[in-house]
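> got a predicted structure here, sequence first:
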Amino acid sequence: MKILRLIILICLISLTAFSQSTADTGKNVLTVLDLDEVLATDPTSVSEKEFYEYSAIIIHGFSGSGGHFLGEEAIQWIRKAESSLKLKDIKLKKDEEYRNFAIAGSYFNDGKYNKALEEFKNMNYQHEIELTEWFISNKGIKNGVVKIKEYPGPIPCEASETARIEDDLYAFVAYFKGPIYRYDKAKDLHAIIYASDWKYDWCDALNFENGKLTIKLRDITEAGDTFIFDNATQEIYKKHRGN
């Protein structure tokens, strides 16, 4: 993930710089293409250098603090250009992880979880695989039995912790803009037990008593929602305010 962050930073710094040769000097000068011009370009006609530059412009144009939001047209432009270059025996390596992550994240943010899952599996991004699988099974759940899938080993999430509570058997950990995980210490298994539909509604307080986990989502404009998760039955329900 550290490598990905570095690649992203490099791409964002350099994405507006494009070289264009001039007949009078034979040197390169910088010019700027906007998003519409890039998307209007035939993806099968671009050079390897243009592909790196143009794909960076596309990704930046559909991204922000909330993540990546490339539509199908933008995704297909990138994929068609990739395929065309590979048919010419050009091996693409530069910022490939960045492009794939942006496409997978865009599918996820658009609710196209099956497509997102396929992309994340191709990248072997375990945390995103687990989160996407959770949304496929549980998106929107407020009351009912959570379909939990356990995975071997420690929690793979690298985001900052926002809350943690544990006893001799379990650790429950909430993450910034992320889900709440349960770690079974004896079995060395972890699982997502809850994830908010909106990433900005992350959990900022946890309490575990008598086998029940209280999940308090952060306050934004009013008191945040609170959920109760029964660790034995895997049932969750939304706690009424004032109770």
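Now that the structure is in, tell me what you want to look at.
> how many neighbours does the nearest residue to K86 once chain neighbours are set aside have?
For K86, ignoring the flanking residues on the chain, the nearest one in space by Cβ to Cβ, 6 or more residues apart in numbering is L92 at 6.9 Å. Every residue, glycine included, has its C-beta placed from N, CA and C. Counted with other Cβ atoms under 10 Å, residues neighbouring L92 total 15.
> kindly report the same for S106.
The burial count for S106: 24, using other Cβ under 10 Å.
> quick check: buried residues in the strand or helix carrying it?
In this structure, S106 sits in helix 96-109 according to DSSP states H and E. Applying a neighbour-count criterion of 16 or more other Cβ atoms under 10 Å, one finds 97-109 buried in helix 96-109.
> stretch 59-71 too?
59-63, 68, 70.
> can you put those in a markdown table and add secondary structure, distance to A174 and pLDDT?
Rendered in a markdown table, the data for those read as follows (DSSP: H, G, I helix; E, B strand; the rest coil; distance: Cβ to Cβ, whole Å; pLDDT from 0 to 100):
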| residue | secondary structure | distance to A174 | pLDDT |
| --- | --- | --- | --- |
| I59 | helix | 29 | 95 |
| H60 | helix | 30 | 94 |
| G61 | helix | 32 | 94 |
| F62 | coil | 29 | 95 |
| S63 | strand | 25 | 94 |
| H68 | strand | 23 | 96 |
| L70 | coil | 29 | 97 |
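> which one of the residues you listed is nearest C203?
Distance to C203, by Cβ to Cβ, is smallest for H68 among the buried residues of stretch 59-71, at 23.6 Å.
> gap between that closest one and D201?
20 Å (Cβ to Cβ, to the nearest Å).
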